[in-house]
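In: got a sequence here, can you model it:
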Amino acid sequence: MAAAPILIVAGLGGINVYQLHTIDTKTRFIAEKQVESMAVLGEVARVTNEMRIGLRDHFLSQNASEHTSGAAHLTENSEALTKLLARYGDALISDEKDLRLYTEFRDLSREWTSGAEALIAMAVSGQPEEARRVYVAGPVPALGQRLSNAQTEWIRHNESLARDASDEALAVIASSRRRLGWAMAGLVSGSSWQASRSRCRAPAAERRQGD
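Out: Model (predicted):
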């Protein structure tokens, strides 16, 4: 029985080592993947919004200079978006849902960009009024809204992944503290029991020696 407190502490210590590994895994996931994922998604959102606003200004503004800059910015931002999505797809996919949302957004962005480029080509070729009419009544604005919705869902999923990983790490820390408390209580209780047992044995041993 003297070894019982030591066994309790050793057993709980082994559990705590496993839990510390879990904490390390979760914190690394947050620090190394989710932080970068959210940074890339922030850039994706910025570039996508600039593309949509630029296209709208291109067709709804009466300023000719904005027509020229809108086309240039669309090309520039389209290239930037392609690079951001390639970076995310190569290294930052977290789970199957993240892959699905990434793929949905990527495909919608390609479809929207293709439509936007076709409208600008129509305007540049000498049909600006027809291009404006097609922009207002055609599918591109609706595609833009679907793109925005897909982007929002994708970002929220990654926020949820980071939050869940953080919550799990905190829960494991709390569990480790409880187990450490149990180990200390078991050690104190076992030591007290052992000391009490030793005190009870001492008089009996003295009586036997006296006899």
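
In: all helices for the chain, in order.
Out: Counting by DSSP state H, one finds helices in the chain at the ranges 4-28, 35-60, 64-91, 96-124, 128-137, 140-210.

In: phi and psi next, for residue 92.
Out: phi -120, psi 10 (degrees, to the nearest 10).

In: need the pLDDT of it.
Out: pLDDT for residue 92: 92.

In: mind checking how far residue 152 is from residue 48?
Out: 11 Å (Cβ to Cβ, to the nearest Å). C-beta: built from backbone N, CA, C; applies to glycine.

In: thought residue 136 was touching residue 55?
Out: No. Between residue 136 and residue 55 there is no contact under Cβ atoms under 8 Å: 11.6 Å.

In: so for these two, which sits in the more crowded spot?
Out: Neighbours were counted for residue 136 and for residue 55 using other Cβ atoms under 10 Å; residue 55 has more, 26 against 11.

In: chain neighbours aside, what residue packs nearest to the more buried one?
Out: residue 116 (5.0 Å; Cβ to Cβ, 6 or more residues apart in numbering).

In: low-confidence ranges, the protein, go.
Out: Within the chain, the ranges that satisfy pLDDT under 70 run 1-32, 61-70, 165-211.

In: now do the same contact list for residue 105.
Out: 44, 85, 147, 150-151, 154 (Cβ atoms under 8 Å, 6 or more residues apart in numbering).

In: who's in contact with the spatially closest residue to residue 44 that is not a sequence neighbour?
Out: Nearest non-adjacent residue to residue 44, counting by Cβ to Cβ, 6+ apart: residue 84, 5.2 Å away. Contact analysis of residue 84 by Cβ under 8 Å, 6+ apart lists 40, 43-44, 47.

In: tell me the one of these nearest residue 93?
Out: Using Cβ to Cβ, residue 40 is the member of the contacts of residue 84 that lies nearest residue 93, at 11.3 Å.

In: what is the neighbour count of the closest residue to that closest one other than its chain neighbours?
Out: Nearest non-adjacent residue to residue 40, counting by Cβ to Cβ, 6+ apart: residue 88, 5.2 Å away. Counted by other Cβ under 10 Å, the residues lying close to residue 88 total 21.

In: how near is residue 88 to residue 73?
Out: The value you get for residue 88 to residue 73, if Cβ to Cβ is used, is 22 Å.

In: swap in residue 103?
Out: Applying Cβ to Cβ to residue 103 and residue 73 gives a distance of 26 Å.

In: so which of those two has more stuff around it?
Out: Between residue 103 and residue 73, counting by other Cβ under 10 Å, residue 73 is the more crowded of the two (19 against 14).

In: what sits against that one?
Out: Residue 73 touches 50-51, 54, counting by Cβ under 8 Å, 6+ apart.

In: brilliant, that's me finished.
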